[in-house]
Every structure is written in structure tokens, then in C-alpha cells.
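**Student:** I'll drop the sequence and a predicted model, then ask my questions.
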Amino acid sequence: MKLLIVGGVAGGASAAARARRLSEDAQIILFERGPDVSFANCGLPYYVGGEIAEREKLLVSTPERLQSRFELDVRTLSSVEAIDRTAKKVRVRDLASGREYEETYDKLILAPGAAPLRPPIPGIDLPGIFTLRNLQDVDRIKERVDQGVKQAVVVGAGFIGLELVENFVKRGIPTTVVELQDQVLPPLDKEMTTPIVETLLANGVTVLLGRSAEGVEQTRDGLAVLLKSGQRLRAQLVILGVGVRPENKLAVEAGLEVGPRAGIRVNEHLQTSDANIYAVGDAIEVTDAVSGDPTQLPLAGPANRQGRIAADNIFGRPVRYRGTQGTAIVEVFDRTAAMTGASEKALRRANRPFRKVYIHSAHHAGYYPGAEAMTLKLLFDPNTGRLLGAQAVGGAGVDKRIDVLSVAIQARMTVFNLEEMELAYAPQFGSAKDPINMAGFVAAGLLRDEHPQVDVDKLLVAPVVEQPFLLDVRTPKEFASGHIPGAVNIPVDDLRSRLAELPHDRKIAAYCQVGQRGYVATRILRQKGFSASNIGGGYTAYKLFQPTAQ
Ligand code: FAD
């Protein structure tokens, strides 16, 4: 067996190492266009900020190590230029010498990744404008930062964009982030990103949402990014973090099928439309594990696992790739945001019915020092309770909850399973009723119709005549420090003695800070004959829907 692999980082290097573990006899050649293989793309922003101090730490492996441990023929600075499917050979250009040569294959794995997008706007190629994909990019960015930068502009508030923003601020650079959409971290639902915007602002970042960069101009002291709104943002360093596009050129020119979003089409064994060619990683179209629809989800975990699966299939193990759930996490200053499965907006786009709950919990027992707040949003099927998606934002413990929920979604669990989940508990780590259990209790109770809930976002857009009587059941002090406009304050402990103040001919929407006292109030009111529901997630959820950015 002669196996050729194009691309030597996440997907390609995983495939090569797995292939060798399965076959000592195979000839395995790994082609990589750049000078490095198997480097840590995900660590690059932290090298700019100094958190990762040594460049060598970014090299997970080296060509020499791959050669000695796995007996791989690693050819760096080698670009695969074309595939001849009939003759089963590729044309390779040695970038150091310019020499071209051919190499035949029995099986070929494409792992070329995805390239950062460069929007075709005037001035886009001026010096000082960077994208970030590999070590050469990070060297250039770091060099510029080390030279001294008075202002930086990051175009695109996605995961990589915000990681760079944080690291620029850590280097003392005043930074502006510009985003076309009306929110940061576009894969998440907008309200879940409110705490991220708050922390950006608190750390001195200028956040410009709903703005588009229309051009870049050279100025006397650097660059000016021109926005459609007419603003000119001065900077000596501009980062484009506006997304990536699958590197499908080789595949397209070889006549392999690609999807509408440019990803190389593969079957569940990661085989392309040519049975001898497999493809993995950011370059491929994957199946969304929740909706079953084809999609594009460039993430390191899936790329690594796909590399392994492609090698398995080539060496006689017919393993299936089950699809991608989009489990992702990012830290922005003191906050962490994470998601798995479908977002609310994706469910709305797909016209798929769902229900949702918000839980605001401490990440471990509140009485133990150091508890950090977290908001957890759960999306689930209104009939079966099957979990469809989850998002969390907060401090410590966000990662653990999203990982548990990712597994729950993979196992096709329901909100009823969350009620029963047995999770490790000591006060430093969680709560006897973990936020996951709490989310399960609230969601399952909703489906059992134990406590009717009104979604705060629906309430905000309801016509005036349909607005319920808003009942704030928190303490007067809490009420005074902020409440939903129009609400009447009757603390939950006084409710039984003040029922006469409430209307029988109107729906009542009760709320507290996070939803728990509102739930108690709803139970009291319903038993006393009122048409009452609880505002899910309470005032804290309401605040998430309030705009924060400039
Ligand atoms: P890559 O890792 O990009 O490797 C593809 C390689 O193929 C490239 O080195 C390229 O030079 C080479 N190549 C392309 N065409 C050819 C050719 N014709 N001939 C030879 N070689 C070729 N994901 C996460 O899940 N979590 C994170 O925190 C995270 N952070 C990230 C931070 C940054 C700055 C970046 C850039 C990405 C991050 N990602 C993260 C995404 C993750 O790195 C990718 O999903 C993953 O690397 C994809 O693996 P891949 O093998 O498909 O492509």
C-alpha cells in the first residue's frame, strides 16, 4: 500500500500516524506546503500575547520526530499541485528548488484545511494587514507588535478574532473590533454573547457591531480602516478574522464533488466521490449531527478524529464518521463562552420546533469560596424533550457543562435524562444539584406543564394589548436596582397576603433574579386561580437581551 497525504497539520498528521500504527508495511508520504508539520494552530494567538512564551512549544511534532517514530516520509515545502485520478498520481512542486515531480498512489488523503478569507475591498493588500493561520503568519504579527503598535483593528469578532483582541490588549495595544453582524461570536445566540461584549468593554476594547469594513488606506502613521458608516479607524496593525474557505482547488480541478459551501463532499467513511481518495478536516463538508444537513464546521477535534477514521478505513476498518456537532469554546478575558449542537437561530432557520430554558447558577456550591456565575441555555424538542443544543457563558465550569451536554446530545438524551444525571460533587467542583440537573429540572417541568413559562424575548416584542401584568417578586432593594419597565413589585414572601392587588382578568408574568422565586410565585398564583407564568431565567435573562455595545 502506498498512501499519500496532502497537508501535514491536524487532519493530515493524525491520518499519517494512525496509518503507520495500523500498517508497518505501508509506504506513507506526507506532503506539506509550509515549513512545519503538526503545529498548534489553536495556540497561535497566545504566542502573540506572551502566554505561550516559547515558539518551539507550538510545534506539537517535527518532521524528524514523525520520521523517526512513525517512519513517515515527510516532505515539507512541498506543494501538491494536481491529481491525475486515472493514472493515480499527483504532481508535486518542491518549493525550495522549484522542481516538479510525480508520485503515484494506491490511496490518497486530502487534508489541505481552509484558508482565511480576504474580502476584496480596496487596500486589502497593504502592508500591516494580516490573517492568522500558521507560524509564518504569527511570526509576522508578533514582529509588528514587538515593533510597537499604537492601535489595532480586528475585523471579525469570531473565535480567532476575539482571541487576538484579548492578546493585543494584554500587550497594551488599544484595540477596536469591527463585526458585520449585530453580535460577537456569530455561531452563538446573540443574548448569550452579551457577557462577552461586557467584558470586552470593561477591558477597554472598542466594539463596533453591525459595521462593515469597506476599505483600507495608507496614512502617514499607518493605516485607516474605512467603515461603511463613514468612520475611519486608525491602526498600525489590522487583522482579518472574517472566516475561512475550504482549500478545495486540488479537489475541484480533479473533478471531485464539492458542496455548495465549497467543502469537499465525502461519505460517512470520509471517501470522496473517487473511492481511492479520502478527505478530512476543514476542507470537507460534514453532516450536522443534530439536523442531519450538510454543513461546514472548521474545528480541530473533528479534523483530528477524521484523520484517524480515514486511515482506519484505508487499512480495513470500516469506521463511520457520525457527523459534527459544532462543540466549541472560547475564553475572552475573564469570561468563557461555549456551545454544542444547534443554536436557537439555526433551529429557527430550519423551522424546527423547540423550547428553551435559561439557568443561572454558580459553577460550584455558593457557600464555598470562589463560586463563579454561569448562564446555561438549553434547547430541546417540545414533544420528546430530546436535547438539540446548549450554550453556556460565564467563568469557571462552563467547559465541563458543555462537554457533559455534548455527550448527552451525542447519546440522544432528553431533558428527563438530565434530571437524573449523577455528576461528581464536592463543594469545590459543583453542586449537589448541578447546573446540568437544574437545567433538566426546569426543562422537564416545563414539558410536564408543572410551571408554565414565558420566554423573555417573546415578551419584549409582544404588542401592548397582549402584554401580561408584570410581577417582580424580588426584594424592594433588588427591584430598585433595576427592573423590567412597567413591573409591579410584590416580594414572593408577601405574595399570599397581597393577592388582592393582582388582576384576575389578565395574564400575569412573574419574575425574580434567576427564575426560582418566580417559579414559587407562579405555583402560588396558579393554585389561587390566577393565570400566571414564570419569565424563564428571570431578570438576568432579560438583561441578556439588552444592548451593550457601541
Ligand atoms: P490545517 O490544520 O489547516 O492543515 C492543512 C495543511 O495543509 C496546511 O498546513 C496547508 O499548508 C497544507 N496544504 C494545503 N494545501 C496543500 C497542498 N496542495 N499541498 C501541500 N500542503 C497543502 N479549532 C478548535 O477546535 N479550537 C480552537 O481553539 C481553535 N483555534 C484556532 C486558532 C487559530 C489561530 C486557527 C488558525 C485555527 C484554530 N482552530 C481551532 C481551527 C483548527 O486549527 C482547524 O480546524 C484544524 O487545524 C483543521 O485541520 P486541517 O488538517 O483540516 O487543516
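**Tutor:** Done, it's in. The model shown is predicted, which means the values in this text are computed figures rather than measured ones. Numbering: from 1, shown residues only.

**Student:** list the residues that contact the residue in the stretch 201-350 of the chain that the ligand sits nearest to.
**Tutor:** In the stretch 201-350 of the chain, the residue found nearest to the ligand is residue 281; the distance is 2.0 Å by Cβ to the nearest ligand atom. For every residue, glycine as well, the C-beta is placed using N, CA and C. Neighbour list for residue 281: 7, 10-12, 111-113, 298, 302-303, 306-307 [criterion: Cβ atoms under 8 Å, 6 or more residues apart in numbering].

**Student:** could I get these as a markdown table with neighbour count, distance to the ligand and pLDDT?
**Tutor:** Written out in a markdown table, the entries for the contacts of residue 281 read as follows (neighbours: other Cβ atoms under 10 Å; distance: Cβ to the nearest ligand atom, whole Å; pLDDT from 0 to 100):
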| residue | neighbour count | distance to the ligand | pLDDT |
| --- | --- | --- | --- |
| 7 | 31 | 3 | 98 |
| 10 | 29 | 3 | 96 |
| 11 | 33 | 3 | 98 |
| 12 | 27 | 5 | 98 |
| 111 | 31 | 4 | 98 |
| 112 | 28 | 3 | 98 |
| 113 | 24 | 3 | 98 |
| 298 | 22 | 4 | 96 |
| 302 | 25 | 7 | 98 |
| 303 | 28 | 3 | 98 |
| 306 | 27 | 8 | 98 |
| 307 | 29 | 7 | 98 |
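
**Student:** ok, of the residues you listed, which one's closest to residue 247?
**Tutor:** Residue 247 has its nearest neighbour among the contacts of residue 281 in residue 112, at 4.0 Å by Cβ to Cβ.

**Student:** doesn't the closest one fall inside a strand?
**Tutor:** No: residue state for residue 112 (DSSP: H, G, I helix; E, B strand; the rest coil) corresponds to coil; a strand is not indicated.

**Student:** any idea how far residue 268 is from it?
**Tutor:** Taking Cβ to Cβ, to the nearest Å as the criterion, residue 112 is separated from residue 268 by 21 Å.

**Student:** same deal with residue 169?
**Tutor:** Distance, residue 169 to residue 268, using Cβ to Cβ: 43 Å.

**Student:** same check, this time on residue 518
**Tutor:** Between residue 518 and residue 268 the distance is 46 Å, computed by Cβ to Cβ.

**Student:** more crowded one of those two?
**Tutor:** Between residue 518 and residue 268, counted using other Cβ atoms under 10 Å, the more crowded position is residue 518 (29 against 14).

**Student:** pretty sure the more buried one sits against residue 540.
**Tutor:** No: under the criterion of Cβ atoms under 8 Å, residue 518 is not in contact with residue 540, lying 11.0 Å apart.

**Student:** okay, strands next: where are they in the stretch 351-500 of the chain?
**Tutor:** 355-362, 373-380, 387-394, 453-454, 469-472, 488-489 (DSSP state E, counting those that start in this stretch).

**Student:** which one of those strands is the most hemmed in?
**Tutor:** Per residue and on average, the most neighbours among those fall to strand 387-394, with a mean of 26 (mean count of other Cβ atoms under 10 Å).

**Student:** that one vs strand 355-362, what angle?
**Tutor:** With axes from the mean of the first three to the mean of the last three Cα atoms, to 10 degrees as the criterion, the two stretches strand 387-394 and strand 355-362 enclose an angle of 30 degrees.

**Student:** for residue 158, list the residues it contacts.
**Tutor:** 185-187, 241-243.

**Student:** narrow those to those in helices?
**Tutor:** Counting by DSSP state H, the contacts of residue 158 place none of their members in helices.

**Student:** show me the contact partners of the least confident helix or strand in the chain by mean pLDDT.
**Tutor:** Ranked by mean pLDDT, DSSP states H and E, the helix or strand of the chain with the weakest confidence is helix 456-461, at a mean of 86. Outside of helix 456-461, the residues that reach it under the criterion Cβ under 8 Å, 6+ apart are 191, 467-468, 509, 535-537, 541-542, 545.

**Student:** over to stretch 192-201?
**Tutor:** 162, 165, 177, 183-185, 207, 209, 332-335, 337, 339, 375, 377, 391-394, 543-546, 548-549.

**Student:** one more time with 6 Å
**Tutor:** Outside stretch 192-201, the residues that touch it by Cβ atoms under 6 Å, 6 or more residues apart in numbering are 183-185, 207, 332-335, 337, 377, 391, 393, 544, 548-549.

**Student:** check stretch 357-376 too.
**Tutor:** Residues from elsewhere that reach stretch 357-376 (Cβ under 6 Å, 6+ apart): 377-378, 392-398, 401, 427-431, 435, 438-439, 442-443, 514, 536-537, 540-541.

**Student:** now do the same end-to-end measure for it.
**Tutor:** Across stretch 357-376, the terminal residues are separated by 8 Å (Cα to Cα, to the nearest Å).

**Student:** same thing with stretch 117-125?
**Tutor:** Separation of the first and last residues of stretch 117-125 by Cα to Cα is 12 Å.

**Student:** closest to the centroid, which residue in the chain?
**Tutor:** Central residue of the chain (Cα atoms, centre = their mean): residue 328, 3.9 Å from the mean position.

**Student:** contacts only, for that one.
**Tutor:** Residue 328 is in contact with residue 339, counting by Cβ under 6 Å, 6+ apart.

**Student:** and it, bridged to which residues?
**Tutor:** Applying DSSP bridges to residue 328 yields these beta-bridge partners: residue 339.

**Student:** distance of it relative to residue 201?
**Tutor:** Distance check for residue 328 against residue 201: by Cβ to Cβ, it reads 23 Å.

**Student:** which residue packs closest to residue 150, ignoring adjacent ones?
**Tutor:** The spatially closest residue to residue 150, leaving aside those adjacent along the chain, is residue 236, at 5.8 Å (Cβ to Cβ, 6 or more residues apart in numbering).

**Student:** was I right to think the one you found contacts residue 221?
**Tutor:** No: taking contacts as Cβ atoms under 6 Å, residue 236 lies outside contact range of residue 221: 7.1 Å.

**Student:** more neighbours: the two, which one.
**Tutor:** It is residue 236, of residue 236 and residue 221, that has more neighbours when counted by other Cβ under 10 Å, with 19 against 10.

**Student:** which pLDDT value goes with the more buried one?
**Tutor:** Reading off the per-residue confidence, residue 236 sits at a pLDDT of 96.

**Student:** tabulate the strands of the stretch 351-500 of the chain (a markdown table), appending mean pLDDT.
**Tutor:** What follows is the strands of the stretch 351-500 of the chain, written out as a markdown table (pLDDT from 0 to 100):
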| stretch | mean pLDDT |
| --- | --- |
| strand 355-362 | 94 |
| strand 373-380 | 97 |
| strand 387-394 | 98 |
| strand 453-454 | 91 |
| strand 469-472 | 96 |
| strand 488-489 | 96 |
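
**Student:** residue contacts, the nearest residue to residue 192 once chain neighbours are set aside?
**Tutor:** The shortest distance from residue 192 to any non-neighbouring residue, by Cβ to Cβ, 6+ apart, is to residue 391 (4.7 Å). If you count contacts by Cβ under 6 Å, 6+ apart, residue 391 has them with 188, 192, 339, 377.

**Student:** how about residue 320?
**Tutor:** When the contact criterion is Cβ under 6 Å, 6+ apart, the partners of residue 320 are residue 268.

**Student:** tell me the least confident of the contacts of stretch 192-201?
**Tutor:** Across the contacts of stretch 192-201, the member with the lowest pLDDT is residue 549, scoring 52.

**Student:** okay, helices next: where are they in the stretch 51-200 of the chain?
**Tutor:** Taking DSSP state H, counting those that start in this stretch to define them, one finds helices in the stretch 51-200 of the chain at 63-70, 135-147, 159-170, 194-202.

**Student:** export the ones you listed to CSV and append columns for distance to the ligand.
**Tutor:** Written out in CSV, the entries for those read as follows (distance: least, Cβ to the nearest ligand atom, whole Å):
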stretch, distance to the ligand
helix 63-70, 13
helix 135-147, 8
helix 159-170, 5
helix 194-202, 15
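
**Student:** winner for burial among these?
**Tutor:** The highest mean neighbour count among those belongs to helix 159-170 (a mean of 24), with neighbours defined as mean count of other Cβ under 10 Å.

**Student:** who touches that one?
**Tutor:** Around helix 159-170, the neighbours that count as contacts under Cβ under 6 Å, 6+ apart are 45, 48-49, 152, 154, 175, 177, 203, 205, 239, 241, 330, 332-333.
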